[in-house]
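Chemist: Sharing a model prediction with you, sequence too.
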Protein chains: 2
Amino acid sequence: MENRTEISSLGEFGLIDHLTKNIEITHASTIVGVGDDGAVIDHFGKQTVITTDMLVEGVHFDLMYTPLKHLGYKSVIVNLSDIYAMNAMPTQITLNIAFSNRFSVEALDEFYEGVYHACRNYGVDLVGGDTSTSGKGFIISVTALGEVSPDKFVKRSTAQKGDLICVSGDLGGAFLGLTLLEREKQIFLDNPQIQPDLENEDYIVGRILKPEARKDIIEFFASSGIFPTSMMDISDGLSSEILHISNQSSLGCRLYEEKLPIHDASRAAAFKFGLDPTLCALSGGEDYELIFTLKQDDYDKVRLNEEISVIGYMDILEEGRKIITKGGNTHDITAQGWNAFK
Amino acid sequence: MENRTEISSLGEFGLIDHLTKNIEITHASTIVGVGDDGAVIDHFGKQTVITTDMLVEGVHFDLMYTPLKHLGYKSVIVNLSDIYAMNAMPTQITLNIAFSNRFSVEALDEFYEGVYHACRNYGVDLVGGDTSTSGKGFIISVTALGEVSPDKFVKRSTAQKGDLICVSGDLGGAFLGLTLLEREKQIFLDNPQIQPDLENEDYIVGRILKPEARKDIIEFFASSGIFPTSMMDISDGLSSEILHISNQSSLGCRLYEEKLPIHDASRAAAFKFGLDPTLCALSGGEDYELIFTLKQDDYDKVRLNEEISVIGYMDILEEGRKIITKGGNTHDITAQGWNAFK
C-alpha cells in the first residue's frame, strides 16, 4: 500500500464522515439514513425481513489471501443471501466493524469499496453502523433488512411430502477454492520464494472470495408464478441444510447423487486434491446457493432453467433422510456442516 | 463458577438451541422469530427505526469488574436508547456474539440472562442472531428495531432558534462510576489482598454497569402531547451531543452550568476524586439520558417533571456554542467526548 493514513488522524467522527460521505440513498423506503441515532424505514405495507451475521478474522476469513475489497463485498452478500432465502428483496443494511490499529484509513477504504459495490449491485442502502477499535483482529457484523408482500415469505418448516427438492447454481466450489487457498498459503509459509499457483482456478477461488447472492432466482420465482413450499440458503453445506428443512418440516427426504450440480472446474479441482466431488457438494459450505422445495406441479416451470437442479424429493418422516449413490446404494445423510472441515 | 460446560460439547446448533429455547414472543409485529434465515416483522402501517452498536472487550467493557449479566443487559439498553432517541418504541433486537474458548456455556447463560431481562423490562423480542468463536476477547453486536407513527420520528437536525434545550435524569454519574471501578481495579492489581471499597457508591456504579433507557420520557411526550423539535441520546457526553445537534441544525446554543442536573452521589464522588462535577456532566459519557429541544410554548408541560431539566436554549449560528458558568463567565463548548478520558 503506497499511502498509510492513521485512523487516529481522523478521529471517530471524522472516520465515520470519511467512510459514509459518498453514500447514495436509492430506496424510497429509506426515509432517514446514516447520521442520526437510528435510520427510519417505511416498507409501505410490506413486511420487513431482518437477518444478521458476524465475520471474525481467523475464524471466517484469513486476510493473508482475502483482499479487503472482496471481504467487504462478501460481508454484505452473506446477509443478502439470507434475505433472498426468505423470498424477500433486500433493501437496507447496517454495518458494524471493529479493527486493530494495524489497519489504516486506506485499508478501511478498500473494505468499504467492496461494501458499496455490493450495495450498488444488489440495490440496497447502507443506513447505519458503528466503527470501533479492537484489541486484535478484524470483526464485521452486518444486519440486512428486506421487504416482502404480506405473508409471502418462505420458511424452512413448510415443506410437504412429495415436494421436489431443488438447488440453484452448483455446489462444492467454495470449499474447493478454500482448500486451494489454504494449500497455497501453507506452501508460501514453508517457502516464501514460491509464488501461489492459482492458474485455471479462477472459478473456485471466485466462489470462496467473491460469492454472489441469488437475486435472479427470487426474481425468476416472481415472474414465473412459483411459490416455493420451503427455502433456505446453503451456507453450511447441502447436507446440513436439507436436514434443517427435514427436521423443521418433520419429514424425510431422498437425494440423488447423480443429480447434484457440480461445476467442471470444481470436479477437476476435487480430483486434483484427491477429494470426492460429491462429498464436497454435500458438506462444503459457503456456496450461498438456495435450496428450496416445490410442489410437483411446478416442475414444468423450472425444468428448462439451467440455474435450477431438481436433486430429490421430500418423503414421510419414517423413510429417513437418505442419499442414493450413483451405484444405487442408499446412505443416511449426516449433518457434516462447514465446521467438519476445519 | 461451580459448573463449567464446554461450548464444544453442545456444538453450534446445540448452543443456539440452548440459548434461544426460552424465548417468548410478545409483539404482534413479530411474525417469524429465531430459527430461520431471517425474522419477519410487520409494523402494521408504522415506520421502522433501526440502530446498531458493537461492544468490544477491552475497549467498551472490562470483564474484571463487569458482571456478564449486567453486560448482557447493557448491550441491549445502549441500542434501545437510540430507538427512544428517535421518538420511537423498540420492538425487536438481533444479537451477534463472538467469544473465545475461555467462555463456558454457564458464562454465556449469565450474559443471555441479562439480555432476556432487558427484553422483558422493555418489551422487545429477540428475533435473530449469530454466535461465533473469536481468537481473543468477547465481542457483542446488537441491532434494534423500533416503530414510530409515520413521520413522527425526531432527528438531530431540526432544532430551531429559541428552542429550549432539555436533558432527562442526571449527568456524569456513569463516568464517575467508571472512574471508581478503574481506581479500585488498579488498587486490586497492585495489592490483591485489598478488597474493593464500593461502599455508598451504588448509584454511580449502577450508572455505568446497569444503565436504563428512557422509555418513560418518550411515554411522557406521548401522553403530554409534546413533540421535541430535535433529540438524541447522551452516550458520548453532553458537550459532544449538543454540538451534534447544533452542527446538524446549523445553530448556536447557550448552556447554563447552574442548570446541569448532577446527582448528589455524583457530586460527592467527583469531590472525592478531585474532579470538577460540571466537567464530568459535560464530558463524561454513557449516561444514556436524552437531550432534546422543545418549543418555548412547551415549557409549562415539562417544568413540573422532575426527570426533565431545562439547561439552555438554541441560538443563531453566529452566537457560537457557549456555556455560562456559575460565576458568569462564558466559555466555548468543546467536543470532549468519552474518548477524551481514556
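Modeler: Yes, it's here. Remember, predicted model here, so these are calculated numbers, not experimental data. Residues are numbered from 1 along each chain as shown, chains lettered A, B, ... in the order given.
Chemist: quick one, strands of the stretch 51-200 of chain A?
Modeler: A:89-99, A:125-133, A:139-148, A:164-168 (DSSP state E, counting those that start in this stretch).
Chemist: can you list contacts of the second one?
Modeler: So the one you mean is strand A:125-133. Applying CB atoms under 8 Å, 6 or more residues apart in numbering or on different chains, the contact partners of strand A:125-133 are A:12, A:15-16, A:19-20, A:23, A:25-27, A:30, A:32-34, A:38-39, A:41, A:91-101, A:115-116, A:119, B:50-54, B:56, B:59-60. In this view, the C-beta of every residue, glycine as well, is placed from N, C-alpha and C.
Chemist: Neighbouring strands - and their directions - for that strand?
Modeler: Sheet pairing here is set by DSSP bridges, and for strand A:125-133 it gives strand A:89-99 (parallel).
Chemist: Send me the strand it pairs with as CSV with only the CA atoms.
Modeler: The C-alpha atoms that make up strand A:89-99 are tabulated as CSV, following Å, rounded to 0.1, in the frame of the first residue of the first chain:
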residue,chain,number,x,y,z
MET,A,89,-35.9,-8.5,-1.6
PRO,A,90,-33.2,-6.8,0.5
THR,A,91,-33.5,-3.0,0.9
GLN,A,92,-31.1,-1.8,3.6
ILE,A,93,-28.1,-2.9,5.6
THR,A,94,-26.2,-1.7,8.7
LEU,A,95,-22.6,-2.4,9.2
ASN,A,96,-20.5,-2.6,12.4
ILE,A,97,-16.8,-3.1,12.3
ALA,A,98,-14.0,-3.3,14.9
PHE,A,99,-10.4,-3.3,13.8
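Chemist: nearest residue to A:Leu290 other than its sequence neighbours?
Modeler: Nearest residue to A:Leu290, sequence neighbours excluded (CB to CB, 6 or more residues apart in numbering or on different chains): A:Ser168, at 4.6 Å.
Chemist: Let me know whether that neighbour touches A:Glu306 as I believe.
Modeler: No: checked against CB atoms under 8 Å, the pair A:Ser168 and A:Glu306 is beyond contact range at 10.4 Å.
Chemist: out of these two, which sits in the more crowded spot?
Modeler: A:Ser168 (24 against 7; other CB atoms under 10 Å in any protein chain shown).
Chemist: Kindly state the pLDDT recorded for the more buried one?
Modeler: Looking at A:Ser168, its pLDDT is 98.
Chemist: same thing with A:Pro196?
Modeler: 75.
Chemist: Look at it and say how many residues are nearby.
Modeler: By other CB under 10 Å, the burial measure for A:Pro196, its neighbour count, is 15.
Chemist: Which residues are in contact with it?
Modeler: A:Pro196 touches A:65, A:184, A:187-188, counting by CB under 8 Å, 6+ apart.
Chemist: Which one of those residues is nearest to A:Lys215?
Modeler: Compare each of the contacts of A:Pro196 with A:Lys215 using CB to CB and the shortest gap goes to A:Tyr65, at 27.0 Å.
Chemist: Once you drop chain neighbours, what's closest to the closest one?
Modeler: A:Tyr65's closest residue in space is A:Leu181 (CB to CB, 6+ apart), at 4.7 Å.
Chemist: How about the contacts made by that neighbour?
Modeler: Here A:Leu181 is in contact with A:62, A:65, A:205, A:208-209 (CB under 8 Å, 6+ apart).
Chemist: what's the most distant pair in those?
Modeler: Top of the distance list for the contacts of A:Leu181 (CB to CB): A:Asp62 and A:Val205, 13.3 Å.
Chemist: which of those two has more neighbours?
Modeler: Between A:Asp62 and A:Val205, counting by other CB under 10 Å, A:Val205 is the more crowded of the two (23 against 13).
Chemist: Using PyMOL, define a selection of the buried residues within the contacts of strand A:125-133.
Modeler: Burial among these is assessed by 16 or more other CB atoms under 10 Å in any protein chain shown; the matching PyMOL selection reads:
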select buried, (chain A and resi 12+15+16+19+20+23+25+27+30+32+33+34+38+39+41+91+92+93+94+95+96+97+98+99+115+116+119) or (chain B and resi 50+51+52+53+54+56+59+60)
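Chemist: The contacts of strand A:125-133 in helices, which ones?
Modeler: Using DSSP state H, the members of the contacts of strand A:125-133 that fall in helices are A:12, A:15-16, A:19-20, A:115-116, A:119.
Chemist: Of these, which fall within the contact range of chain B?
Modeler: For chain B, the contacts drawn from the ones in helices among the contacts of strand A:125-133 by CB under 8 Å from any CB of the partner chain are A:Glu12.
Chemist: from the ones in helices among the contacts of strand A:125-133, which is closest to chain B?
Modeler: Checking these against chain B with CB to the nearest CB, the nearest one is A:Glu12 at 6.7 Å.
Chemist: Tell me if A:Pro211 really is in a helix.
Modeler: No: per DSSP: H, G, I helix; E, B strand; the rest coil, A:Pro211 lies outside any helix segment and is coil.
Chemist: Make sure it is actually in contact with A:Glu286.
Modeler: Yes: at 6.7 Å, A:Pro211 and A:Glu286 qualify as touching, with contact defined as CB under 8 Å.
Chemist: Touching both of the two, which residues are there?
Modeler: By the contact definition CB under 8 Å, 6+ apart, A:Pro211 and A:Glu286 are jointly contacted by A:Ala174.
Chemist: Now for chain A, the helix or strand with the poorest mean pLDDT.
Modeler: When the helices and strands of chain A are scored by mean pLDDT, DSSP states H and E, helix A:11-20 comes last with a mean of 84.
Chemist: which residues are in contact with that helix?
Modeler: Against helix A:11-20 from outside (CB under 8 Å, 6+ apart): A:7, A:10, A:34-35, A:105, A:108-109, A:112, A:126, A:131, B:337, B:339.
Chemist: So which of the contacts of A:Leu181 sit within helices?
Modeler: Mapping those onto helices (DSSP H) picks out A:205, A:208-209.
Chemist: could those go into a markdown table alongside pLDDT and distance to B:Ser149?
Modeler: Shown next, in a markdown table, are the ones in helices among the contacts of A:Leu181 (pLDDT from 0 to 100; distance: CB to CB, whole Å):
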| residue | pLDDT | distance to B:Ser149 |
| --- | --- | --- |
| A:Val205 | 96 | 50 |
| A:Ile208 | 97 | 46 |
| A:Leu209 | 96 | 45 |
